[in-house]
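J.: fold the following.
(chains A and B)
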Amino acid sequence: MRTLSYREALREGLDEELARDENVVLMGEEVAQYNGAYKVTEGLWQKWGDKRIVDTPISEAGFIGMGIGASMLGIRPVMELMFWSFHSVAFDQMVNNAGCVRYMSGGLINCPIVVRGPANGGTGVGATHSHIPEGLFAAFPGIKVVAPATPADVKGLIKASIRDNDPVFFMENTLLYGTTGPVPDLEDGDHVIPLGLADLKREGSDLSLIAHGRSVLHALEAAEILQRDHAISCDVLDLRTIRPLDQDAILATVRKTHRAVLVDESKAFGGVSAMVATLIQDHCFDDLDAPVKRVCTLDAPAIYSPFVENDQLPNAKRIVAQVLTIA
Amino acid sequence: MSLADSQYARLDFATSPINRALTAEQKIGLLTQMMRIRKFEQASLKYYNAGRIGGFLHLYIGQESVAVGTISLCTPNDHTITAYRCHGHGLMSGMNMNECMAELFGKATGSAKGKGGSMHLFAPDKNFWGGHGIVAGQTPLGLGLAYGLKYKGIPGVALCYLGDGAVNQGAFHESLNLAALFELPVIYVIENNGYSMGTSQKRSSAYRGCLAQRAEAYDMEWDLVDGSDIYEVRAKTHIAMERARTECRPTILEISTYRYYGHSVADANAKKYRSPEEIENYKNNHDPISTFRTRLIQEGVITAEQADAINKLATEEAAAAVVFADQSPAPSIDDIMKDVYWEVDNQTEAGRTGRHFFND
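T.: Numbering: from 1, shown residues only, chains lettered A, B, ... in the order given. This is a model prediction of the structure:
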């Protein structure tokens, strides 16, 4: 195992897929000559050139739609949204075209496209740049949604997403790009993590913290505090993929601990955790010793002020407080 | 005044090289295809009004020369995509009347198994990529088809059709910029029937000269075409296609045409925003089928009796398609959950991993 940053691991995954399949092409604003707004694609244009790494103008509806059209012909575009918040100006293309064309054509067409970029709050950029739309897009059948939390996962999942023959919306996090962690060595073979498999990031016995994306890190931090200060032992389940969802893993941890707190950076109304809570009550009603609780982003547009921004988002303090209401 | 009514001395596009190369059989083929599209749609109108076809029905009647003229130029390397007024493009691309009519009827034998309906005909095996319901939503996809062709080094063209009502959508302007910037082999064909639903061109668009002239803002070639003359449609489209193939440069073609019916059959005001005289003038003087029929008789390519016989065959083919659609099975409730994800449909490892659907 090596230690890589989330950004480096993601880049390595992209680089390996560029090498594996000549139909893979990276596109987006500033991905080539500028080396990526968040430096995810740094060095790839120098290595792969103009055909494989393509700078686009600021024109999301146009270039995302172009990628979808190209994917219908068998190209495998990996489109960077500088922020997932900019999905709103390409929404028709992403939902009506990428999400529906297979169904409307009776299965004659498929779109092997990946749209990727950061989807998070917490960087002081206000409401327009802090949307967290994994729950929104997971609500559209035809679309897959992935939200990796660690360097090893982001590499393995981007590779699986690029190889997938359906549209995959891949949601990263600017605050994770610099985080580091172990990533399997290249000699150990092709590191691909299938979509639809959750990962138990910490084992415990008293309560299940279920999270995805950066919330997994908060959950792990909270689990440490709960163990140390309150002798509460937590499972931390990282969903990794939102759709397809690893329902079996969710039910298994709840059946083990009988208590669940769901940590979700999206908003509570219709968010990912709302779906998970429904599944738990539907399948684990008799296993539960307490109501299912959630820690979501406080239900207002994202505030700018650095003084309180982190309090709007899930964090270890809020998770501990919520756990203590049922543990 | 439409281009079709202009008093300018008309060029005879029959003499253009691409039309001079047509055999008598090929000319009759063009007439036949236009007649087939019209008869298909007249039959669909009858059964829509009888309540056998649901949703919307956007008829192409009056505009047939556009799809037939342009797609007649396509080689196996060329691809087409259009909006919701798509029956003509589908049939001309080689879809058969049965699968199209069954799709309109919502039957399992339809081209999309009854999942798309009138606005969403698709035949990717015939290089026809739909059939799209959102105004101008198909214009970036057309760009993507051209991108894919260029990326793969295929000397093909993407023909992307849109209506005059689509030219004010942002996605179209973004597509024009990218088409010119990336030098993509795409041709945007504006089928200008004068009305974006019930709003006339003058009331919906700001422009100098004509809609296609907006191409100049993107340093792109453009041309105006009289859609009532299929020879002109072919001649000018051929020039644009050659530009795309040999120079990898895009074009906007604005083809003036006319629809005899409303925006859709459900358009309650179809006879209010246009005068009866305007509609009659087009039908009597500029109808692309009767114009071409007369022309072919003058050329000695066909007799009136032969043309009538072709028309009769088209009527019979459409009637048979109605019978096929009517007698076909409907999709089952189980079919609702198919064709959502490729990986699930193909029972791959990825399709079996995790929960994909969330019912009840």
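
J.: and the residue of the stretch 201-350 of chain B at minimum distance from chain A, what helix or strand is that in?
T.: Ranked by Cβ to the nearest Cβ, the top residue of the stretch 201-350 of chain B for proximity to chain A is B:Asp339, at 3.6 Å. In this view, the C-beta of every residue, glycine as well, is placed from N, C-alpha and C. Using DSSP states H and E, B:Asp339 falls within no helix or strand.

J.: got the contact list for it?
T.: Counting by Cβ atoms under 8 Å, 6 or more residues apart in numbering or on different chains, B:Asp339 touches A:Arg102, A:Tyr103, A:Ser105, A:Gly106, A:Gly107, B:Lys113, B:Lys115, B:Asp345.

J.: will you turn these into JSON lines that also has pLDDT, distance to A:Leu73 and neighbour count?
T.: Listed next are these as JSON lines, based on pLDDT from 0 to 100; distance: Cβ to Cβ, whole Å; neighbours: other Cβ atoms under 10 Å in any protein chain shown:
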{"residue": "A:Arg102", "pLDDT": "98", "distance to A:Leu73": "14", "neighbour count": "25"}
{"residue": "A:Tyr103", "pLDDT": "98", "distance to A:Leu73": "19", "neighbour count": "21"}
{"residue": "A:Ser105", "pLDDT": "98", "distance to A:Leu73": "14", "neighbour count": "25"}
{"residue": "A:Gly106", "pLDDT": "98", "distance to A:Leu73": "19", "neighbour count": "23"}
{"residue": "A:Gly107", "pLDDT": "98", "distance to A:Leu73": "17", "neighbour count": "19"}
{"residue": "B:Lys113", "pLDDT": "98", "distance to A:Leu73": "22", "neighbour count": "22"}
{"residue": "B:Lys115", "pLDDT": "98", "distance to A:Leu73": "21", "neighbour count": "25"}
{"residue": "B:Asp345", "pLDDT": "98", "distance to A:Leu73": "19", "neighbour count": "16"}
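
J.: just name the closest of the residues you listed to A:Ala139, please.
T.: Of all these, the one with the least separation from A:Ala139 (Cβ to Cβ) is A:Tyr103, at 15.0 Å.

J.: out of the contacts of B:Asp339, name the ones that lie in helices.
T.: Members of these lying in helices (criterion: DSSP state H): A:Arg102, A:Tyr103, B:Asp345.

J.: which one among those residues gets closest to B:Pro124?
T.: A:Arg102 (11.0 Å).

J.: so that closest one sits against A:Asn110, correct?
T.: Yes. A:Arg102 lies in contact with A:Asn110 (Cβ atoms under 8 Å); the separation is 5.3 Å.

J.: hey, what's in contact with both of those two?
T.: A:Asp166, B:Trp342.

J.: chain B contacts on the stretch 101-250 of chain A?
T.: Residues of the stretch 101-250 of chain A lying close to chain B (Cβ under 8 Å from any Cβ of the partner chain) are A:101-110, A:112, A:141-142, A:144, A:160, A:164-166, A:194-197, A:241, A:243-247.

J.: what about the residues you listed, which are in strands?
T.: Judged by DSSP state E, the subset of these located in strands is A:Lys144, A:Thr241, A:Arg243.

J.: skipping adjacent residues, who's closest to residue 55 in space?
T.: Picking chain A for this. Leaving aside its sequence neighbours, A:Asp55 sits nearest to A:Ala32 (Cβ to Cβ, 6 or more residues apart in numbering or on different chains; 4.3 Å).

J.: my bad, the chain I had in mind was chain B
T.: Per Cβ to Cβ, 6+ apart, closest to B:Gly55 is B:Gly117, 5.1 Å.

J.: which of the three states applies to A:Leu4?
T.: strand (DSSP: H, G, I helix; E, B strand; the rest coil).

J.: that one contacts A:Thr180, doesn't it?
T.: Yes. In this structure A:Leu4 lies within contact range of A:Thr180 using Cβ under 8 Å: 6.6 Å.

J.: run a quick neighbour tally on residue 242.
T.: Reading this off chain A. 27 (other Cβ atoms under 10 Å in any protein chain shown).

J.: meant chain B, my bad for not saying
T.: 13.

J.: A:Gly189 now?
T.: By other Cβ under 10 Å, neighbour count at A:Gly189 equals 8.

J.: gap between it and chain B?
T.: Per Cβ to the nearest Cβ, to the nearest Å, A:Gly189 is found 17 Å from chain B.

J.: I'd like to know which elements the longest helix along chain B is packed against.
T.: Longest helix in chain B by number of residues, with DSSP H as the criterion: helix B:24-49. Packing contacts for helix B:24-49, counted by 3 or more Cβ pairs under 8 Å, 6 or more residues apart in numbering or on different chains; DSSP states H and E, involve helix B:64-71, helix B:87-92, helix B:97-105, helix B:288-298, helix B:304-327.

J.: how far off centre is the longest one?
T.: Mean-position distance between helix B:304-327 and its chain equals 21 Å (Cα atoms, centre = their mean, to the nearest Å).

J.: stretch B:101-116 now?
T.: Relative to its parent chain, stretch B:101-116 has a centroid offset of 19 Å by Cα atoms, centre = their mean.

J.: what does stretch B:249-258 give?
T.: 12 Å.

J.: ends of that stretch, what's the gap?
T.: 28 Å (Cα to Cα, to the nearest Å).

J.: stretch A:118-127 now?
T.: 14 Å.

J.: could you do stretch A:135-145 as well?
T.: 9 Å.

J.: which of the residues in it are buried?
T.: A:Gly135, A:Leu136, A:Phe137, A:Ala138, A:Ala139, A:Phe140, A:Gly142, A:Ile143, A:Lys144, A:Val145 (16 or more other Cβ atoms under 10 Å in any protein chain shown).

J.: ok, B:Val18 touching B:His238?
T.: Careful, residue B:18 is Ile and not Val. Yes. Using Cβ under 8 Å, B:Ile18 is in contact with B:His238, at 4.2 Å.

J.: which neighbours do the two have in common?
T.: B:Leu73.

J.: identify the residue of the stretch 101-250 of chain B closest to chain A, quick one.
T.: For the stretch 101-250 of chain B, Cβ to the nearest Cβ, closest residue to chain A: B:Gly144, 1.9 Å.

J.: what does the stretch 251-360 of chain B give?
T.: For the stretch 251-360 of chain B, Cβ to the nearest Cβ, closest residue to chain A: B:Gly354, 2.1 Å.

J.: for that residue, which non-adjacent residue is closest in space?
T.: Closest to B:Gly354 by Cβ to Cβ, 6+ apart is A:Gly196, at 2.1 Å.
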